[in-house]
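*Asks:* From the sequence below, what's the structure:
(one chain, ligands or ions: 1)
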Amino acid sequence: MSLKYPLPRGTRDILPEEMPFWHHVEDTARSIFSAYNYQEIRTPIFELTELFERGIGDGTDIVEKEMYTFTDKGERRLTLRPEGTAPIARAYLQNGLGKKEPQSKLYYCGPMFRYERPQAGRYRQFYQIGVENIGNEHPFADAELISMGVHLFDEMGISGLSVTLNSVGCLVCRPVIEERLKQFLGSNLKHMCDDCNRRFSVNPLRILDCKNATCKTYRTAIPDIQESLCHGCSDHFSSVVEYIEALGIPFQINPQLVRGLDYYTRTAFEIVSDQLGAQNALCGGGRYDGLIQHLGGPATPAVGFAFGVDRAVMILKELSDILKQKNKLIYVAPIGASQQPRCFYLVDTLRRAGFKVEIDYSKDDIKYQLKQANKLGATRCIIYGDREFESDTVIIKNMVTTEQTTIPFDNVISFLSTHADTLPHTS
Ligand code: HAM
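*Replies:* Model (predicted):
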């Protein structure tokens, strides 16, 4: 069927069947963030365009090519947020969070918008969950954050990840790094793409982020950024490395990792998955000690990361066991219309006790009811007909093994609470 008004390119509907995966990712993130004492913050979906232009950087792909920018009826230039860090920095300043606490540990979840070429795992509206630790300059904060990222994905059940790390220097050593890069690349610039040529003078570090295959070949023997770091950055990086080694987290140093946003200083890192294909970056982050000052606030160190929820769900969908564990549905089957009122009461009692329960009042024959229970993937079906009414019992059918047990009506909750496949969803 050709729809008159189809979805805009790069967007999609997330249907109920996919939701258990999304909830699993979101619930796990919330519980891990809470263990590290992070608190949720929500900011608007759109902000003044200048916030992103200044915050993310003029010479980045996001600002040059990917922002959804529009003018509203009051002639304001607004942009649908392409990422969460600049808005959080703005909210931190606007709400005086730095005056309330020496350190703000914030997390956020929500849609982001980038005009990118859509493909598997890359959308124009996508979802991020991110954390920002503002006010802490210590390398422990960087290491703790990387460790929290790894912990988070472990807890979600995502394996096969690798952590890549680099230091991109600070305002002191960045000019030295850029000058060395320019000296190295200058003679080959004519063979490289238009973006690299333009960025050579305005933002040479961005050249390291270019995905063009030809440009990549000219970067193979590029000077190592690490060798041009100032003492402060070099010491900071050594400490981050030492701390994550102490936690036993496997990682690699990639001297060409610069990430696609200009606000990074010192630590930059990515967590990639071998299960994601070309768009293999699941999580990216780093330190941004200059951003808050750049936006008009006091000098404030900060470090954070964000991961793509769409991509985490893509990986988890391969592991459908998670779905089965979460979907402990109990189906209540009244046999005969006269038994429906008592089942109506039973369903209410079970739901209030935290069980996930379904009932269908449209038909009351056993064949239909069991078919429905199967179709919905229920783990147990509670059958209640005339015979059960007479003896004040219920039959509990295990939908996996087909075994049936008859128990007193009043014992339903205690029975379900002692069987792992039917524990309440709140447990
Ligand atoms: P980012 O690397 O641009 O960093 O995005 C983080 C993650 O968002 C990526 O690793 C990827 O999983 C997901 N992502 C990005 N673009 C798309 C897309 N078009 N479709 C699907 N998923 C996507 C940031 O946004 C920084 N704000 C992270 C940060 C927080 N740094 C410090 N604090």
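
*Asks:* ok, residue 298 - contacts?
*Replies:* 98, 292 (C-beta atoms under 8 Å, 6 or more residues apart in numbering). Heads up, the C-betas are built off the backbone N, CA and C, glycines and all.

*Asks:* for it, helix, strand, or coil?
*Replies:* coil (DSSP: H, G, I helix; E, B strand; the rest coil).

*Asks:* per-residue pLDDT, it?
*Replies:* At residue 298, the model reports a pLDDT of 97.

*Asks:* Relative to residue 65, how far out is it?
*Replies:* According to C-beta to C-beta, to the nearest Å, residue 298 stands 32 Å off from residue 65.

*Asks:* ok, now residue 34?
*Replies:* 37 Å.

*Asks:* same thing with residue 184?
*Replies:* 26 Å.

*Asks:* With neighbour numbers in mind, choose between those two.
*Replies:* Between residue 184 and residue 65, counted using other C-beta atoms under 10 Å, residue 184 has the larger neighbour count: 15 against 11.

*Asks:* Now do the helices in the stretch 151-300 of the chain.
*Replies:* 174-185, 194-202, 213-217, 231-246, 291-294 (DSSP state H, counting those that start in this stretch).

*Asks:* Compare those and give me the one nearest the ligand.
*Replies:* In terms of C-beta to the nearest ligand atom, the element of the helices of the stretch 151-300 of the chain nearest to the ligand is helix 291-294, at 8.9 Å.

*Asks:* If you count contacts, what does that closest one end up packed against?
*Replies:* The helices and strands touching helix 291-294, judged by 3 or more C-beta pairs under 8 Å, 6 or more residues apart in numbering; DSSP states H and E, are helix 49-56, helix 85-94.

*Asks:* Check those for me and report the most buried one.
*Replies:* Most buried of the helices and strands packed on helix 291-294 by mean neighbour count (mean count of other C-beta atoms under 10 Å) is helix 85-94; its value is a mean of 22.

*Asks:* and the angle for that one with helix 49-56?
*Replies:* Here the directions of helix 85-94 and helix 49-56 differ by 110 degrees (axes from the mean of the first three to the mean of the last three C-alpha atoms, to 10 degrees).

*Asks:* Downstream of helix 85-94, the next helix or strand is which one?
*Replies:* helix 97-100 (DSSP states H and E).

*Asks:* Could you check that next one and say which residues are buried?
*Replies:* 97-98 (16 or more other C-beta atoms under 10 Å).

*Asks:* do the same with stretch 391-400
*Replies:* Here stretch 391-400 shows 393-397, 399 as buried, counting by 16+ other C-beta under 10 Å.

*Asks:* what about it, start to end distance?
*Replies:* 26 Å (C-alpha to C-alpha, to the nearest Å).

*Asks:* next one: stretch 40-56
*Replies:* For stretch 40-56, the first-to-last residue distance is 22 Å (C-alpha to C-alpha).

*Asks:* List the buried residues in stretch 376-388.
*Replies:* Those buried within stretch 376-388 under the rule 16+ other C-beta under 10 Å are 378-385, 388.

*Asks:* returning to that earlier point: can you put the helices and strands packed on helix 291-294 in CSV and add distance to the ligand and mean pLDDT?
*Replies:* Listed next are the helices and strands packed on helix 291-294 as CSV, based on distance: least, C-beta to the nearest ligand atom, whole Å; pLDDT from 0 to 100:
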stretch, distance to the ligand, mean pLDDT
helix 49-56, 8, 97
helix 85-94, 4, 98
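
*Asks:* Make JSON lines from the ones you listed and add distance to residue 356 to it.
*Replies:* Below are the helices and strands packed on helix 291-294 laid out as JSON lines (distance: least, C-beta to C-beta, whole Å):
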{"stretch": "helix 49-56", "distance to residue 356": "42"}
{"stretch": "helix 85-94", "distance to residue 356": "35"}
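
*Asks:* What helix or strand is the residue of the stretch 101-250 of the chain found nearest the ligand located in?
*Replies:* Closest approach between the stretch 101-250 of the chain and the ligand, counting by C-beta to the nearest ligand atom: residue 126, at 3.4 Å. If you go by DSSP H and E, residue 126 is part of strand 125-134.

*Asks:* Next, the angle from that strand to helix 85-94.
*Replies:* 40 degrees.

*Asks:* Show me what strand 125-134 is packed against.
*Replies:* Short answer (3+ C-beta pairs under 8 Å, 6+ apart): strand 125-134 packs on helix 19-35, helix 85-94, strand 104-113, helix 139-156, strand 302-308, helix 309-317.
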